[in-house]
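Enquirer: Need the 3D shape of this:
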Amino acid sequence: MANDNRFEKLVPTDKFFGGDLKVLICYMLSALGEAVPITETTQLFHYEGIANYFDTQTAIYELEKEGYISEGERSKGLMAITEKGEALSNTLKDSVSAVLREKVYGAVVKMLARYKAERDTDIKIEERNGGFLLTYSVMGGEEPVISFSIMLPNMAQANHLKEHILKNPKYYCDSFIDLLTENM
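Expert: This is a model prediction of the structure:
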């Protein structure tokens, strides 16, 4: 099986950099159709083995400078694609495998869901009377729409519950409402 390179296109052995990385970022933004957090995207690309952290930061900076991503949301730590970036993203199909496109898209969708959950969910942990009070709130702007608290014996359990809530905050909110309105 010497020189068996059938799978090179499916599973690249090296990371993206330069122009290919820029195209991949534009594709991701185009496919999602909304602004995404820059820091989390950079970390995601690094941890998923898609691109080096510094290469991703450089690509984002250059995309912004060249007008492929918008600066309007940048002040909030978000990036969004421009019309010029949309045109660049169309070149992706010729340069990157479908498997990798799906891997990137799937990872970014999960990241974006968590970002939105964190933005719309407020979870505070306070030490109280030998335990830790976790307060979960679904925010409607600046004010909580719904909120509940639970006392936990230690910080490890409080952090564990916080992570579970952030994975699926809608489930916890819906369950709480169902519990309160069960016999109504």
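Enquirer: Assess the claim that Lys124 and Phe132 are in contact.
Expert: No. When contacts are counted by Cβ atoms under 8 Å, Lys124 is not listed as touching Phe132 (10.3 Å). To be clear about C-beta, it is placed using only N, CA and C from the backbone, and glycine gets the same treatment.
Enquirer: what mean pLDDT does stretch 111-124 have?
Expert: Computed over stretch 111-124, the mean pLDDT rounds to 77.
Enquirer: List the buried residues for that stretch?
Expert: By neighbour count, with 16 or more other Cβ atoms under 10 Å as the criterion, the buried positions of stretch 111-124 are 111-112, 115, 117, 120-121, 123.
Enquirer: List the ones among the residues you listed that fall in strands.
Expert: The subset of the buried residues of stretch 111-124 located in strands under the criterion DSSP state E comprises 121, 123.
Enquirer: Adding distance to Pro144, write the buried residues of stretch 111-124 out as CSV.
Expert: What follows is the buried residues of stretch 111-124, written out as CSV (distance: Cβ to Cβ, whole Å):
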residue, distance to Pro144
Met111, 25
Leu112, 23
Tyr115, 19
Ala117, 15
Asp120, 11
Thr121, 10
Ile123, 11
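Enquirer: from the buried residues of stretch 111-124, which is closest to Asn168?
Expert: Here the nearest of those to Asn168, counting by Cβ to Cβ, is Ala117; it sits at 8.0 Å.
Enquirer: For burial, what's the neighbour tally of Ser172?
Expert: Careful, residue 172 is Tyr and not Ser. Counted with other Cβ atoms under 10 Å, residues neighbouring Tyr172 total 19.
Enquirer: ugh, wrong one, I meant Phe148
Expert: Using other Cβ under 10 Å as the criterion, Phe148 is surrounded by 15 other residues.
Enquirer: any idea which helix or strand carries it?
Expert: With the criterion set as DSSP states H and E, the secondary-structure element containing Phe148 is strand 143-152.
Enquirer: For the helix or strand following that strand, the averaged confidence score.
Expert: On the C-terminal side of strand 143-152, the closest following helix or strand by DSSP H and E is helix 155-167. With pLDDT averaged residue by residue, helix 155-167 scores 92.
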